[in-house]
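> what's the 3D shape of this:
(one chain, ligands or ions: 1)
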Amino acid sequence: MLTRILTQGPIPRVEIARRTGLSQAAVTKAVAPLIEAGFVTDQPAVPAEADNQLGIGRPVSPLTVIRNSVSVIGLKVTPTALIGVTTDFTAGILTVRHQKLDDTTPDTVIERLTDLAKELIKSAEVTAGPLIGIGVAVSGDVDARRGLVRHSPLMGWRDVAVADLMAKRLKVPVVVTNDVRALTVAEHWFGVGVDADSFAVVTIGSGIGCGLYINGEVVSGAYGVSGELGHLPLAPGELVCTCGRRGCVETVASSDAILTRTRETTGRPRLDLAGAIKLAHEGDEHAREAFDRAGEVIGSALAAMVNLVGPELVVIAGEGVAEYDLYEERMRQAFADHAFGAAGNCRLMLRSHTFDDWARGAAATVIRSYVRGEPPLQR
Ligand SMILES: [Zn+2]
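Numbers count the residues shown, from 1 in each chain. Next comes the predicted model:
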């Protein structure tokens, strides 16, 4: 019930009853403890004539969540920076902090994350309600149930017990998730996914990731791994991936792969990514070729995912979206070439996310666990 009010509110009781098939009395009963606990309130009544579509003759007062009834912290870990946000109950961002990171050893990063969280806790005390938990988003193979990062090639981590280490120091529940899955939860609850029955979030950048929402759930995978688009074996086999395998999509399509390729083909070993992008925009054929290869392989990977899962919408996000124009055409062509039948009807939608959005995703994961009463966030 709280989920519905949170993601679809403001919403009148009669509408909740219609959508859930419950009686109005049952809805009123279910909502009462939420109002009493201070999570939900009645918005001022709307005159009936202003709300003709409901076809009822008396004023309705839609239910809405009290945004500042709780506060949440979301943290995103990257190899070069930590990004932290505090949000309200609807994942609305209240404060943002960015910190540079020059050492990715787990001990240092945990220490720095803890300090960042402490700083954000102070800011949350003045801006919003009591803190319900801290979400940490990390790329790679993450065991969310145990709060453990099993393997993050980008961070160079194996078996880092992030949740335990941080919760012990902060005395606040900590939830750790795969970063792309966190972004998918945010889109599902508070973004484009609110109205979609099924969708995928595909992120392009230093890694290629994919979060899936199907049959009413964000897919976690039985072993905590799913949607690893970046490690589908669709690229030529000669290149070794950060994960240690050969032929992964990321060996051609990650921003590092694009840069390495451009350095090799242009004979400019000190080129940086911005330089490679500039060259490609200027029409340098070697730089263009690196982006074309990436676009081709991303398009094939998208088609493979769409052929398997059949989502109605694919949201393309991630920091690589800034250079989207450089590989869009090849990507769409490869997607069209390999998407099977009606699966290819799914819309590809571009969404520019910032690192703040990733951190917000970590906060959204906390909100979801809290509302569902999942450990360690029982209400
Ligand atoms: Zn790989």
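> and the end-to-end length of stretch 153-160?
The stretch stretch 153-160 measures 12 Å between its terminal residues, going by CA to CA, to the nearest Å.
> contact partners of it?
The set of residues external to stretch 153-160 that reach it, using CB atoms under 8 Å, 6 or more residues apart in numbering, is 77-79, 104, 106, 109-110, 138-140, 148-152, 206-207, 241-244. The way it works is simple: take the backbone N, C-alpha and C, and place the C-beta from them, glycine included.
> restrict those residues to those near the ion?
Subset of the contacts of stretch 153-160 in contact with the ion: C241, C243, counting by CB under 5 Å from the ion.
> out of the contacts of stretch 153-160, which are buried?
When neighbours are counted using 16 or more other CB atoms under 10 Å, those contain these buried positions: 77-78, 104, 106, 109-110, 138-140, 148-152, 206-207, 241-243.
> okay, strands next: where are they in the stretch 1-150 of the chain?
Defined through DSSP state E, counting those that start in this stretch, the strands belonging to the stretch 1-150 of the chain, from first to last, are 40-42, 63-65, 71-77, 81-87, 93-100, 131-138, 141-143, 148-152.
> how far off centre is the top helix by length along the chain?
Of all segments of type helix in the chain, defined using DSSP state H, the longest is helix 285-309. Computed by CA atoms, centre = their mean, to the nearest Å, the separation of helix 285-309 from the middle of its chain amounts to 21 Å.
> now the strands of the stretch 1-150 of the chain as CSV including mean pLDDT?
What follows is the strands of the stretch 1-150 of the chain, written out as CSV (pLDDT from 0 to 100):
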stretch, mean pLDDT
strand 40-42, 89
strand 63-65, 90
strand 71-77, 96
strand 81-87, 97
strand 93-100, 95
strand 131-138, 96
strand 141-143, 93
strand 148-152, 95
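> can you say which of those strands is packed in most?
Ranked by average neighbour count under the criterion mean count of other CB atoms under 10 Å, the strands of the stretch 1-150 of the chain are headed by strand 71-77 at a mean of 28.
> tell me which other helices or strands that strand touches.
Identification of packing neighbours for strand 71-77 by 3 or more CB pairs under 8 Å, 6 or more residues apart in numbering; DSSP states H and E yields strand 81-87, helix 106-127, strand 131-138, helix 179-190, helix 355-372.
> report pLDDT for the closest residue to the ion within the stretch 51-200 of the chain.
When distances are taken as CB to the ion, the stretch 51-200 of the chain reaches nearest to the ion at P153, 7.3 Å away. What the model reports as pLDDT for P153 is 90.
> need the helices and strands packed on strand 71-77 in TSV with distance to D256, can you?
Formatted as TSV, these follow (distance: least, CB to CB, whole Å):
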stretch	distance to D256
strand 81-87	16
helix 106-127	20
strand 131-138	18
helix 179-190	17
helix 355-372	17
